[in-house]
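In: Could you look at this predicted model? Sequence included:
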Amino acid sequence: MVRSRGRGGQGVRASAFDGARRVRDEGAAFLSVSLSPVSLAAAAANVVGKVRGGLADLRSMPRTLIDQGPNRSVYRFHGESSGPPVLLVPPLAAPALCFDLRRGCSLVEHLVEQGRRTYLVDYGAVAFSDRRLGMEHWIDEVLPRTIRKVSEDAGGQEVQVIAWCLGGLFSLLTAADKPELPISSIVTVASPVDFTAIPLMAPFRPLIEITGGYLLTPFYRLLGGAPSYVVGRVFWAAGIEKEITKPLAILRNLDDRDYLAQLEAVDRFMGQMMAYPGRTFGQLYHRLFRANDLADGALDLGGRVVSLSGVRVPVLIVAGEADTIAPRRAVERLTGLLPSSPKVDFHLAPGGHLGVLTGRHARTTTWPLIDTFLG
């Protein structure tokens, strides 16, 4: 994406123009090449499958609800399992199906097939009545209660946490603030701590500073948070070039069933974005985005400072090579903020923000990294 200081709108327009030009040029090149009979047959079969209901196997992995409370539904997935429990922690606003995107591209399926005791916490939908909930609610209540319940359900064993995006930050802050929790390790995937390194936000910083940081404050207070529609559009904007070239990508891969199935699954995921509670969004906006507090390793939560130096378990940090929401520099900064952790591993893996967690390449890149770390 083309960027210039204080001229973010031009950057987006330039990206859109470049994408449209690429569609034109590559489309012409594609049409000049004839497909083989085998490819044509596969493409025809995929079109028929799409019309008849889709190509992706979107069945959820079987699971049982083992605990429930405010903004907390804890599930245990079925399957023969042994060893320590693995808890999957999603971020706010994104659906928990990020870990169970589709059969064949589901981290849950992968873990269960390995014989691991696999659990998931789902926050459910955020309502207007939740607008007063802050980050403390997840760090003090939701995650601690979830971790204790998972440990209890697994016979008192310590819990291995795997978290995506802000779920990783919440998990680290919870472990730092409550070292007595039964946690044995934490994996964070695409979890940014240096918000100045996120290019998507750069165009808005000058305007926000001019207004003293109150550009968005009246809106999220009035609406009770960041509506699901807004959250979805932010994710869309982060991948605008891919959206523009998407029709061509589909045309070029019309004979690739797995590729088309992945697109279906991602579209379903994007259509289920949820809202941020008002107070939580305010904290993320003012403390993380504006003040960039976590880049120094500590966060002030209503007068209580939580420092990442309190994390005393091994941590694996994974960043996506093509992630524009949590680029490498924003994620890798975390490696220097965990002085009390006995082991901190950092790896760069293929994929964008969602792709590094559950894209088609994650099956042979990110997931093996997690397997090795979990031991």
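Out: Happy to help now that I have it.

In: Now do the strands in the stretch 1-150 of the chain.
Out: Per DSSP state E, counting those that start in this stretch, the stretch 1-150 of the chain has strands spanning 63-69, 72-77, 82-89, 116-122. These are given in chain order.

In: quick one: which of these is nearest residue 167?
Out: Smallest distance to residue 167 across the strands of the stretch 1-150 of the chain (CB to CB): 4.1 Å, for strand 82-89. For glycine as for every other residue, the C-beta is placed from the backbone atoms N, C-alpha and C.

In: That closest one - contacts with which helices or strands?
Out: In this structure, strand 82-89 makes packing contacts with helix 107-113, strand 116-122, helix 143-153, strand 159-164, helix 166-177, judged by 3 or more CB pairs under 8 Å, 6 or more residues apart in numbering; DSSP states H and E.

In: in the longest one, what's buried?
Out: Spelled out, that is helix 166-177. If you call a residue buried by 16 or more other CB atoms under 10 Å, then helix 166-177 has these buried ones: 166, 167, 168, 169, 170, 171, 172, 173, 174, 175, 176, 177.

In: cool, and stretch 302-319?
Out: The neighbour-count check on stretch 302-319 (16+ other CB under 10 Å) flags 306, 307, 308, 310, 311, 313, 314, 315, 316, 317, 318, 319 as buried.

In: how far is it from where the chain is centred?
Out: In terms of CA atoms, centre = their mean, to the nearest Å, the centre of stretch 302-319 is set 18 Å apart from its chain centre.

In: Grab the CA positions of that stretch and hand them over as PDB.
Out: Taking C-alpha atoms only, stretch 302-319 is exported to PDB below (Å, rounded to 0.1, in the frame of the first residue of the first chain):
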ATOM      1  CA  GLY A 302      -8.100   2.400  36.200                       C
ATOM      2  CA  GLY A 303      -5.100   3.300  38.400                       C
ATOM      3  CA  ARG A 304      -3.800  -0.300  38.500                       C
ATOM      4  CA  VAL A 305      -0.700  -0.800  36.500                       C
ATOM      5  CA  VAL A 306      -0.200  -4.300  35.000                       C
ATOM      6  CA  SER A 307       3.300  -5.000  33.700                       C
ATOM      7  CA  LEU A 308       4.200  -7.700  31.200                       C
ATOM      8  CA  SER A 309       7.300  -8.300  33.300                       C
ATOM      9  CA  GLY A 310       5.000 -10.300  35.500                       C
ATOM     10  CA  VAL A 311       4.700 -13.100  32.900                       C
ATOM     11  CA  ARG A 312       6.600 -16.000  34.200                       C
ATOM     12  CA  VAL A 313       5.800 -18.800  31.700                       C
ATOM     13  CA  PRO A 314       7.300 -19.700  28.300                       C
ATOM     14  CA  VAL A 315       5.900 -17.600  25.400                       C
ATOM     15  CA  LEU A 316       5.800 -18.300  21.700                       C
ATOM     16  CA  ILE A 317       5.200 -15.200  19.500                       C
ATOM     17  CA  VAL A 318       4.100 -15.600  15.900                       C
ATOM     18  CA  ALA A 319       3.700 -12.800  13.400                       C
END
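
In: what pLDDT, on average, does that stretch get?
Out: The average pLDDT within stretch 302-319 is 95.

In: And stretch 146-153, by the same measure?
Out: Averaged over stretch 146-153, pLDDT sits at 98.

In: Which positions within it qualify as buried?
Out: Residues of stretch 146-153 classed as buried: 146, 147, 149, 150, 151, 153 (neighbour count, 16+ other CB under 10 Å).

In: Ok, stretch 56-72 next?
Out: 56, 61, 63, 67, 71, 72.

In: Tabulate these in TSV, adding columns for distance to residue 93 and pLDDT.
Out: Output for the buried residues of stretch 56-72, formatted as TSV (distance: CB to CB, whole Å; pLDDT from 0 to 100):
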residue	distance to residue 93	pLDDT
56	23	89
61	22	98
63	22	98
67	22	98
71	12	92
72	16	95
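
In: biggest separation within those residues, which pair?
Out: With CB to CB as the measure, no two of these lie farther apart than 56 and 67, at 29.9 Å.
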